[in-house]
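1. generate coordinates for the sequence data below:
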Amino acid sequence: MFLDLDMVVNLLLSICGRLARVESAISCLPKSTEPRMSRKQLDLQGKLEDARELQRDLKIRETTMAGLLASSLSPSQLKDYHHLIGLKASVLITQRHLEESLQSAEFQLDVLKPRLDRSKASA
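-> Numbers count the residues shown, from 1 in each chain. Prediction:
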């Protein structure tokens, strides 16, 4: 269950990130590249819908699992189970956000480092 949750959350985040980059590129690139990028955008929108379908299927499985667990767990334990499932998705989203922030900071550092070196050399 947790493995599927990891995979679906990461898939959704990945596709959304790629789609955002394509949409940004469409607005910035010359019109000659627009048809190719528009096809890519449509492809990613289709993949996003497929990923959302996986998410819906996972939610159904989670509901079924919770129903089965309700007969074996106390109400407090069942509440903890639901909390754990929600927390897991939240942690995955936060982790992805932090990884992207780190990549962005590393990229900015790579861009600024030569400028700083030139600045030190000329001083």
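
2. S71: how many residues sit nearby?
-> S71 has 7 neighbours, counted by other Cβ atoms under 10 Å. C-beta here means a position set from N, CA and C on the backbone, and glycine is covered the same way.

3. same check, this time on the one 10 residues further on
-> Number of residues near Y81 (other Cβ under 10 Å) recorded here: 16.

4. same check on L78?
-> L78 has 15 nearby residues by other Cβ under 10 Å.

5. which SS class is it?
-> helix (DSSP: H, G, I helix; E, B strand; the rest coil).

6. likewise L73?
-> coil.

7. burial check on it, number of neighbours?
-> The burial count for L73: 14, using other Cβ under 10 Å.

8. phi, psi for it please.
-> phi -110, psi 160 (degrees, to the nearest 10).

9. so for it, what's the pLDDT?
-> We have a pLDDT of 93 for L73.

10. now do the one 5 residues further on
-> Per-residue pLDDT puts L78 at 91.

11. residues contacting it?
-> 66, 69-70 (Cβ atoms under 8 Å, 6 or more residues apart in numbering).

12. mind listing the helices for the protein?
-> Assigned by DSSP state H, the chain shows helices spanning 2-28, 34-70, 75-122.

13. from the contacts of L78, list the buried ones, please.
-> The neighbour-count test (16 or more other Cβ atoms under 10 Å) marks none of these as buried.

14. between the residues you listed, which is nearest L102?
-> Closest to L102 out of the contacts of L78 is A66 (35.0 Å), distances taken as Cβ to Cβ.

15. wait, doesn't the closest one sit right on Y81?
-> Yes - in terms of Cβ atoms under 8 Å, A66 counts as a neighbour of Y81; the distance is 7.0 Å.
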